[in-house]
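# Sequence plus the predicted model coming up.
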Amino acid sequence: MPGAGAAQGGQGQLTPANRFAIDYLGVSPELSDYVTTFYHFRCDDEKVSDIQPAAIGHLSLFPLGEGEMGLPEGGVDPSHRVNLLTPFSRAAPFRVDGPFHAIGAALSPLGWAALTGLCAKTHGNRLYCADDWLDPALTQTGHALCAAYRAGEKDAAQCVAEMGPAMLAAMQPLKPGHPELIAATNAWLAGDFLPEIDVLYAASPYSRRQTQRLVERYFGLSPVALRRKYRALRAATLLSLPSLTIEYEAQIGQAFYDQPHMIREIRLFAGRTPARIVDPSSPYLTEMLNKKNLRQVGLPIGSEEDANDSQESKTA
């Protein structure tokens, strides 16, 4: 396994784009409120190195590969066969001894809460062994799927087909009113690059203090910090498109005090400066900033279809 300094060492030498692939796999209607996307990552290099943007929670199987993730507050967490990546407040580097194959689910805030029951603030910024935190039947399924994948008995699509029902069976209901607050927070984040805090409080049936506490529980950050994180991630997502409409470019520019501020924020949360977001040497970052991973909170000011149309028109 790579040394701790390797995982904490920032950008460094990253895995070249032509060495890996990521496929997105479908989410069943029953899971669509809980999982934003399933994915299949593979790289057969002996060493894999890249940066994970400030992330939502993930349940991820590592049938091949062992490594570690650098933590924002220092130190590292080792990987496991069945991993629970908790919501991250900042970008984090990771290194893996390959070949590295991962099959995972990106969890919405509702999915995180229903699957884990954990406070995203208390448990944020960690790579956990899922066996220690999740339903034993689910993690046993995960280990069995890892073994079947390594043996060539199941492919990624077949693993996802079994993971989905196992995840759904492990979901627990939230307290009445809490799913509605999560939905209201998602809608608030989707409304603008830097939405007004009072708009969220006005949409919440709870007091300001209780709203703040619940947002921290389910999203990992206070409303002020949360909108800052998603402002940077959305800007990075739009900048990762093949090209950008004048409208979106103007909205990004207006969302930050000035260009140096934008560069610092995107680097903190996405792990790259804007100039390197579309750098072909950082493919993992580009894929993790795919708009699929922000589906629950949407793209700002304008529909996702607008962004799709923009992307398709630039690549035609």
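Great, that's in hand.
# all contacts plus neighbour counts: C-alpha atoms, from now on.
OK.
# Which residue ranges of the stretch 101-250 of the chain form helices?
For the stretch 101-250 of the chain, applying DSSP state H, counting those that start in this stretch gives helices covering 109-116, 136-150, 156-170, 178-190, 197-203, 208-219, 223-239, 246-255.
# Ok, which of the ones you listed comes nearest P78?
For P78, the closest of the helices of the stretch 101-250 of the chain is helix 136-150, at 16.8 Å, according to C-alpha to C-alpha.
# Give me the mean pLDDT for the closest one.
Averaging pLDDT along helix 136-150 gives 98.
# That one - contacts with which helices or strands?
On a contact count with 3 or more C-alpha pairs under 8 Å, 6 or more residues apart in numbering; DSSP states H and E, helix 136-150 meets strand 58-70, strand 82-85, helix 156-170.
# Dump these into CSV; add mean neighbour count, distance to T185 and mean pLDDT as well.
Shown next, in CSV, are the helices and strands packed on helix 136-150 (neighbours: other C-alpha atoms under 10 Å; distance: least, C-alpha to C-alpha, whole Å; pLDDT from 0 to 100):
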stretch, mean neighbour count, distance to T185, mean pLDDT
strand 58-70, 24, 20, 97
strand 82-85, 25, 22, 98
helix 156-170, 18, 23, 98
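# Using TSV, lay out these together with distance to A232.
Shown next, in TSV, are the helices and strands packed on helix 136-150 (distance: least, C-alpha to C-alpha, whole Å):
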stretch	distance to A232
strand 58-70	20
strand 82-85	20
helix 156-170	30
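# which residues of the stretch 151-300 of the chain score low on pLDDT?
Across the stretch 151-300 of the chain, the ranges flagged by pLDDT under 70 are 242, 244, 273-300.
# on that earlier part again, can you tell me which of the helices of the stretch 101-250 of the chain is most buried?
For the helices of the stretch 101-250 of the chain, the largest average neighbour count (mean count of other C-alpha atoms under 10 Å) is found in helix 109-116, namely a mean of 24.
# List the contacts of that helix.
For helix 109-116, the external contacting residues (C-alpha atoms under 8 Å, 6 or more residues apart in numbering) are 33-35, 56-57, 118-119, 133-134, 167, 170-174, 179, 182, 218-219.
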